[in-house]
Every structure is written in C-alpha cells, then in structure tokens.
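K.L.:
A predicted structure for the sequence below; I have some questions about it.
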Amino acid sequence: MTSTEKDSSSKVCDTNSMSSTLALGAGCYWGTEKYIKKDFQKKFPGSIKSATVGFMSPDKNAPKNPSYRAVCSGSTGHVEVLFVELNQPEKHFEPLIRFFFAFHDPTTMNRQGNDSGTQYASYIFTSDEHQQQIANKVKDELQQLLVAKKVKCFSSKTVTTKIGPSNEFYLAHEEHQEYLAKNPSGYCNHYIRKFSWA
C-alpha cells in the first residue's frame with residue numbers, strides 16, 4: 001500500500017468512526033421528536049436507530065436527574081432535547097443538522113414561538129470533534145446566508161444556536177415519549193422553512 005493509499009484509508013476510517021449519537025435542542029422536545037423521527041426519516045428512510053426525549057445541560061456539574069417541573073422553572077440549566085442515535089452517522093449527520101436548522105428558528109435566543117426560557121434553547125450537543133466541526137460548518141453557512149439576505153424566513157439575522165459537547169442525558173417520563181404520535185392535535189410550534197443552502 002502506498003503512502004497515498006494509507007492516507008486515503010485513514011480518512012475513510014476517521015469518517016466511519018464518527019459517533020452515532022447526538023442531542024438536539026430546538027424548543028419543545030415534542031415537536032423536535034416528531035420532525036426528526038417522522039419527517040426527517042421520510043427524507044432519509046432508516047436513518048434513525050433510536051430517538052428519545054429528555055434533558056441535557058451544557059454544564060456537566062448541573063443537578064442530576066432533574067424533574068420536568070424543575071427544568072421548566074429554568075433553575076437547573078437543562079435544555080429539552082431529543083437524544084438521537086443514527087444508523088449511519090457518516091451519511092446522515094450533516095443532513096440531520098441542516099434539517100434541524102430548517103424546522104425551528106435558530107435566531108431567537110432561548111425561545112421558540114410562544115415558548116420562552118433557557119430550556120427551549122437552540123443547542124447541538126455533539127459527541128466528538130468531527131460532529132462539532134460539521135455542526136459549526138453548517139451553522140456558519142446559515143449565518144452567511146442570513147447576512148447576504150439570501151434567507152429571510154427567520155426572526156433575525158444572527159444564528160444563536162450553541163454547539164458544545166454532550167453531557168449526561170436524562171430521559172423524560174414515558175408520557176412525553178412520542179407525545180405527538182399519541183396526541184396528534186397536541187401543541188407544536190415547529191414548521192419547515194424552505195430555503196436553499198446554495
């Protein structure tokens with residue numbers, strides 16, 4: 001094997017070793033779950049191995065096992081998230097991040113529609129450096145489109161989404177898992193914004 005082939009082989013291995021898990025905060029986790037488990041998988045069948053709603057904090061020293069009520073009070077610092085495991089992260093991680101930016105408003109700090117508070121932050125919790133690089137790249141692309149006025153479907157011109165390492169995930173109680181599948185007319189303020197990334 002030549003040195004070039006070795007380098008090429010290493011790159012393939014690096015790509016394939018991307019972590020399969022991440023957590024996404026995009027406002028109320030009911031809508032985040034619905035749009036990723038149902039709508040994203042319509043575009044990419046079989047892409048999601050598992051997805052569950054719960055809480056994650058950017059602070060690794062945040063209170064353990066927070067209750068839903070405590071998270072909603074804003075006192076714990078946790079974000080409502082969907083914890084996702086991908087079947088093929090090297091194939092679907094970037095499309096998922098682009099989809100994430102389309103179904104919520106990443107320009108409203110700690111708010112989605114009528115839902116306001118730190119628990120509704122736009123947040124990408126990554127599991128490795130490769131994920132973080134891709135998430136930052138996509139965020140930067142969207143920011144450039146906003147500055148150039150090529151995208152006008154968001155509330156402001158600054159992407160406020162935060163990107164950081166994953167911390168401990170706390171599962172929400174069963175009643176909130178697949179909430180909108182169980183309650184089709186339930187509250188959801190998410191919707192798809194159609195725009196070109198070009």
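P.N.:
Yep, it's here. This one's a predicted model, so the numbers in the text were calculated from it and none came from an experiment. Numbering: from 1, shown residues only.

K.L.:
every contact and neighbour count from this point should use C-alpha atoms.
P.N.:
OK.

K.L.:
and the next element down the chain from the top helix by length along the chain?
P.N.:
Using DSSP state H, we find that the single longest helix of the chain is helix 129-147. Using DSSP states H and E, the helix or strand that follows helix 129-147 towards the C-terminus is strand 162-165.

K.L.:
would you list every one of the strands in the chain?
P.N.:
All strands of the chain, identified by DSSP state E, fall at 21-26, 48-56, 79-86, 111-112, 115-116, 122-126, 162-165, 170-171.

K.L.:
and those strands as CSV, adding mean pLDDT and distance to residue 155?
P.N.:
Below are the strands of the chain laid out as CSV (pLDDT from 0 to 100; distance: least, CA to CA, whole Å):
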stretch, mean pLDDT, distance to residue 155
strand 21-26, 98, 15
strand 48-56, 98, 26
strand 79-86, 98, 21
strand 111-112, 96, 10
strand 115-116, 94, 14
strand 122-126, 98, 14
strand 162-165, 98, 17
strand 170-171, 98, 31
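
K.L.:
possible to save the ones you listed as CSV with mean neighbour count and distance to residue 97?
P.N.:
Shown next, in CSV, are those (neighbours: other CA atoms under 10 Å; distance: least, CA to CA, whole Å):
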stretch, mean neighbour count, distance to residue 97
strand 21-26, 26, 9
strand 48-56, 23, 13
strand 79-86, 26, 12
strand 111-112, 21, 18
strand 115-116, 16, 22
strand 122-126, 25, 8
strand 162-165, 18, 11
strand 170-171, 20, 22
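
K.L.:
re the thing from before, buried ones in the longest helix of the chain?
P.N.:
Residues of helix 129-147 classed as buried by neighbour count (16 or more other CA atoms under 10 Å): 131, 132, 135, 136, 138, 139, 142, 143, 144, 145, 146.

K.L.:
pLDDT below threshold where in this protein?
P.N.:
Residue ranges of the chain with pLDDT under 70: 1-16.
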